[in-house]
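1. predicted model and sequence below, questions to follow.
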Amino acid sequence: RPPHARRLSRLALAAGLAGHAIGMTGLARFAGPRIRGVVMRRIAERGDVAPPELSREVYGRAHVLGMLLAENAAYRQLAADLLTLRESAPFPEVPLCVITALGDVRGDGREWRRAHADIAALSPYGRQIVLPDTGHLVQIDRPEVVAEAVDRL
């Protein structure tokens, strides 16, 4: 078990408790869907395309907010764990397509482009598609790019 696994476990527990506390106040029902809307407007050109009632139903749940907190807090550590795993267990020789959306990246995007190129290079059949003017949610803003990538794989 990695040394930071206990810390990640505590983090997940704390995030779950925070979500529960938010739920007890009723704040989750009010704030969750609104926070999602703000985030979606920031990271997707088309904004929040989910029906409002679905957004309220899902993002109004306290445990959903708690798990979102946990996921975002643990992201960098999990990415580092994956890189460590790849040192001892290489990526299988399967097709891989990494879509790099740079439209909402701060700066020139060089670091993101390079990092995603490294991910694509994990597979001998890896390739990268760079979308300089598309935001994070490619599947919403440019679904045809995702469909084409899947078709090619």
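-> That came through, no problem.
2. and Asp151, how many neighbours?
-> 7 (other CB atoms under 10 Å). Every C-beta, even on glycine, is put in place using the N, C-alpha and C of the backbone.
3. for it, pull up the helix or strand it's in.
-> For Asp151, the host element (DSSP states H and E) is helix 143-152.
4. what's that helix packed up against?
-> strand 96-101, strand 126-131, helix 138-141 (3 or more CB pairs under 8 Å, 6 or more residues apart in numbering; DSSP states H and E).
5. mind listing residues that contact the helix or strand of the chain with the lowest mean pLDDT?
-> When each helix and strand of the chain is scored by mean pLDDT, DSSP states H and E, helix 5-25 comes last, with a mean of 77. By CB atoms under 8 Å, 6 or more residues apart in numbering, the residues outside helix 5-25 that reach it are 28, 31, 61-67, 69-70, 73-74, 77-78.
6. equivalent analysis for stretch 94-106, please.
-> 42-43, 45, 109, 112-113, 116-117, 119-120, 122-123, 125-138, 141, 145-146, 149, 152-153.
7. quick check: buried residues in stretch 110-126?
-> Trp112, Arg113, His116, Ile119, Ala120, Ser123, Gly126 (16 or more other CB atoms under 10 Å).
8. follow-up on the earlier one: any idea how far the helix or strand that the least confident helix or strand of the chain is followed by is from the chain center?
-> As assigned by DSSP H and E, the chain's next helix or strand after helix 5-25 is helix 27-43. Between the centre of helix 27-43 and the centre of its host chain there is 16 Å, according to CA atoms, centre = their mean, to the nearest Å.
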